[in-house]
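Colleague: please find the sequence and the predicted model below.
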Amino acid sequence: MFVIATVADTIRIPPTMFFQSTRTSAHQEIDKKYPNRVLMDVGLVICRYGDVTQIGDGVCVPGDGAAHHEVVFRVVIFRPFVEEVCVGHIVESNEDVIKVSLGEFFSDIFIPAYWMLRPSMYDRKSGLWVWTPDYGEEEGGGGGTEGEEQEEQQRYEMEIGAEIRFKVKGINFTQVTNTAKGVQATTTSTTSRLIPGFKAAGNASSTVDIDMRTGAGDDAADNRPVRKRSSSVDLSDSNIPASMYITASICEDGLGLVSWWSNQEEGDDAEEDEEGEEGAEGGDEDEDGAEVEE
């Protein structure tokens with residue numbers, strides 16, 4: 001979920017910071033500029049990782065007065081890999097998607113209707129998605145009252161604020177630009193296990209090199225995503241998408257609300273304990289019986 005990226009950028013140090021060391025000033029300027037910033041095709045920057053690794057000579061621009069240094073440093077990136085299982089909380093629900101949040105730092109995770117547990121339906125009265133599993137005709141073949149009770153038990157609502165387990169299916173980055181035709185958004189979707197510049201997906205020790213001056217990354221041809229597509233659409237000022245959002249799925253066993261599966265696991269553990277106790281009691285009786293026979 002979290003990886004380390006190496007970034008090369010030109011950092012501007014104003015004259016008011018000349019009284020302290022260049023390294024300290026660079027750290028302060030990086031901490032102002034990068035946290036909570038989305039790097040296209042890389043991820044969301046959480047914080048700076050350690051000290052800067054390289055600092056170039058300062059260049060003064062006429063009329064500016066500040067010193068511009070070429071700096072190489074590392075940052076912690078939030079970038080879950082495809083097929084990674086995460087746990088969040090439901091914050092919003094409508095006919096098309098369920099919106100999930102991982103906390104205060106990222107809340108643009110969407111579970112579309114076609115990636116819900118089947119069969120699922122949207123209840124307009126409650127405004128929630130409902131999972132209605134079908135266990136066959138044998139369990140529902142009783143009387144009318146019993147059948148109604150079973151139908152109610154087979155209705156599982158995905159309530160707002162509930163803890164949900166989901167699987168990442170795609171990472172999407174959107175870049176908004178002003179052109180002669182108007183405001184356009186270019187969305188890049190990655191549905192591969194490979195992350196640009198990474199040797200192995202999900203490896204926290206891997207790094208990706210990014211040059212913010214040119215926007216180019218250290219991407220070898222064999223390390224590029226297997227499936228990556230871009231699309232450009234016209235936008236109005238009131239409909240600008242998020243810079244980074246995740247598409248997720250809950251259409252597999254073990255996914256969905258954590259409470260659904262935790263209850264089942266607890267029940268299985270209880271049955272195993274009861275079987276173990278019965279076996280132990282049976283062994284004691286056999287031992288007692290053998291002593292009597294002797």
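Modeller: Noted; the coordinates are in hand.

Colleague: and this protein, what are its domains?
Modeller: Under the assignment automatic domain parsing, the domains of the chain span 1-79+194-225, 81-191+227-273.

Colleague: in a markdown table, list those along with mean pLDDT.
Modeller: Output for the domains of the chain, formatted as a markdown table (pLDDT from 0 to 100):
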| stretch | mean pLDDT |
| --- | --- |
| domain 1-79+194-225 | 79 |
| domain 81-191+227-273 | 78 |
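
Colleague: dump the ones you listed to TSV, plus mean neighbour count.
Modeller: C-beta coordinates here come from the backbone N, C-alpha and C atoms, glycine included. Shown next, in TSV, are those (neighbours: other CB atoms under 10 Å):
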stretch	mean neighbour count
domain 1-79+194-225	16
domain 81-191+227-273	14
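
Colleague: which residue ranges of the stretch 51-200 of the chain form strands?
Modeller: Assigned by DSSP state E, counting those that start in this stretch, the stretch 51-200 of the chain shows strands spanning 54-55, 59-60, 67-78, 85-93, 97-101, 109-112, 120-123, 128-131, 156-158, 163-179, 182-190.

Colleague: separation between the closest residue to Trp260 other than its chain neighbours and Asp134?
Modeller: Distance criterion CB to CB, 6 or more residues apart in numbering; nearest residue to Trp260, sequence neighbours excluded, is Tyr156 at 6.1 Å. As judged by CB to CB, to the nearest Å, Tyr156 and Asp134 stand 12 Å apart.

Colleague: equivalent analysis for Glu70, please.
Modeller: The value you get for Glu70 to Asp134, if CB to CB is used, is 62 Å.

Colleague: and Gly58, by the same measure?
Modeller: In terms of CB to CB, Gly58 sits 69 Å off from Asp134.

Colleague: the residue nearest to Trp260 and Ser259 touch, don't they?
Modeller: No: using CB atoms under 8 Å, Tyr156 is not in contact with Ser259, being 9.0 Å away.

Colleague: phi, psi for Val258 please.
Modeller: phi -60, psi -30 (degrees, to the nearest 10).

Colleague: quick one: residues contacting it.
Modeller: When contacts are counted by CB atoms under 8 Å, 6 or more residues apart in numbering, Val258 touches Val87, Ala162, Glu163, Ile164, Arg165.

Colleague: of the strands of the stretch 51-200 of the chain, which is nearest Gly43?
Modeller: Closest approach to Gly43 among the strands of the stretch 51-200 of the chain (CB to CB): strand 67-78, 4.0 Å.

Colleague: residues contacting Gly127?
Modeller: Counted by CB under 8 Å, 6+ apart, Gly127 has contacts Ser93, Asn94.

Colleague: and if we set it to 10 Å?
Modeller: Residues in contact with Gly127, defined by CB atoms under 10 Å, 6 or more residues apart in numbering, are Glu92, Ser93, Asn94, Glu95, Ile160.

Colleague: in those, find the pair that's most separated.
Modeller: Once CB to CB is applied, the contacts of Gly127 give Glu95 and Ile160 as the farthest pair, at 15.1 Å.

Colleague: I figured Lys169 hits Phe81, correct?
Modeller: No: assessed by CB atoms under 10 Å, Lys169 is found out of contact with Phe81, at 11.1 Å.

Colleague: can you name the residues bridging to Gln2?
Modeller: One thing to correct before we go on: residue 2 is Phe, not Gln. Phe78 (DSSP bridges).

Colleague: my guess is it contacts Val76. True?
Modeller: Yes: counting by CB under 10 Å, Phe2 touches Val76, with 5.8 Å between them.

Colleague: who's in contact with the nearest residue to Tyr122 once chain neighbours are set aside?
Modeller: Using CB to CB, 6+ apart and skipping residues adjacent in sequence, the residue nearest Tyr122 is Glu95, 5.1 Å away. By CB under 10 Å, 6+ apart, the contact list for Glu95 reads Ala113, Tyr122, Arg124, Gly127, Trp129.

Colleague: now Ser107
Modeller: Gly88, His89, Val91, Glu92, Lys99, Val100, Ser101, Ala242, Tyr245 are the contacts of Ser107 under CB under 10 Å, 6+ apart.

Colleague: what about it, distance to Phe73?
Modeller: Applying CB to CB to Ser107 and Phe73 gives a distance of 27 Å.

Colleague: ok, Val176 next?
Modeller: Distance from Val176 to Phe73, by CB to CB: 26 Å.
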